[in-house]
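>>> Could you work out the structure for the sequence below:
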Amino acid sequence: MASRLPVERVGMMTCRQLLALLLLGLAWPATAQTSRPPATPAEQTETPPATDEDPALAPRLEDRPFGLPFGHAWLGAADGDVTLLVFADYACPACRAAQPVIDDLIASDPHLKVVYLILVNEEEGRQAAMTSVAVAQTGADWSKFHHALDAGGDPGPAGIAAALKAAGIDPASLPPLSGDALIDSPVLAELNRNDRLLVDHKGTALPAWLIGTGKARTGFDPVMLRAAIAKARAK
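Numbering: from 1, shown residues only. Predicted coordinates:
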């Protein structure tokens, strides 16, 4: 508890003593304030400066909201009111067969956005998957590359090279996709992330699709897909 002066002692103080105490009390905050050296620029800036990094390229699962595409790995409406998530592997014939159905949905629905979650289900599709994600990470035409690779039906080196050429993409503009270059690579992290997401959403086969946060479903029947899209839009 703070000490208090007795009332009788206060009464015995002279005017000069009271004035001195008053001046001392007024001077103390200024003295205390100037006793600390001025803050350095680092101390003055408590929040880190903003960066130009795209959150869609964040390599860790927790850094990117579910449903946000990795770079340019999406088709349809940029600000669609319904997002259809598609899990696909370039070595999967059924995935290639589903692409025309997806294209028809987009053509008939100007408010639909399709986000692709590329993964490696078959080992022969690994290089194609990594190249696709690398293309999505750049400002290149991912849609054109994706369609060309699907249409070619060859996920190997020759098919990848042909798809890059068709999309007007210089292979040298892509990040290295082998060896130590893949350590901490957003490309590899994205493929692993998509694999985890398929498992988390109870996906059992490819291609698979999902609207919202429920279970990943197989079968790209146009009638079923349109019904699911309409149901999501009605909510």
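
>>> burial measure for the nearest residue to Ala73 once chain neighbours are set aside, as a count.
Distance criterion Cβ to Cβ, 6 or more residues apart in numbering; nearest residue to Ala73, sequence neighbours excluded, is Ala136 at 3.9 Å. Every residue, glycine included, has its C-beta placed from N, CA and C. The tally of other residues near Ala136 (other Cβ atoms under 10 Å) stands at 25.

>>> Check Ala158 too.
Using other Cβ under 10 Å: Ala158 sits among 10 other residues.

>>> Going along the chain, name the helices of this protein.
According to DSSP state H, the chain carries its helices in the segments 7-12, 15-34, 41-44, 93-108, 126-137, 142-152, 157-166, 186-200, 222-234.

>>> I'd like those helices laid out as a markdown table, including mean pLDDT and distance to Leu174.
Shown next, in a markdown table, are those (pLDDT from 0 to 100; distance: least, Cβ to Cβ, whole Å):
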| stretch | mean pLDDT | distance to Leu174 |
| --- | --- | --- |
| helix 7-12 | 36 | 83 |
| helix 15-34 | 38 | 57 |
| helix 41-44 | 35 | 37 |
| helix 93-108 | 98 | 22 |
| helix 126-137 | 97 | 5 |
| helix 142-152 | 97 | 10 |
| helix 157-166 | 98 | 8 |
| helix 186-200 | 95 | 9 |
| helix 222-234 | 97 | 32 |
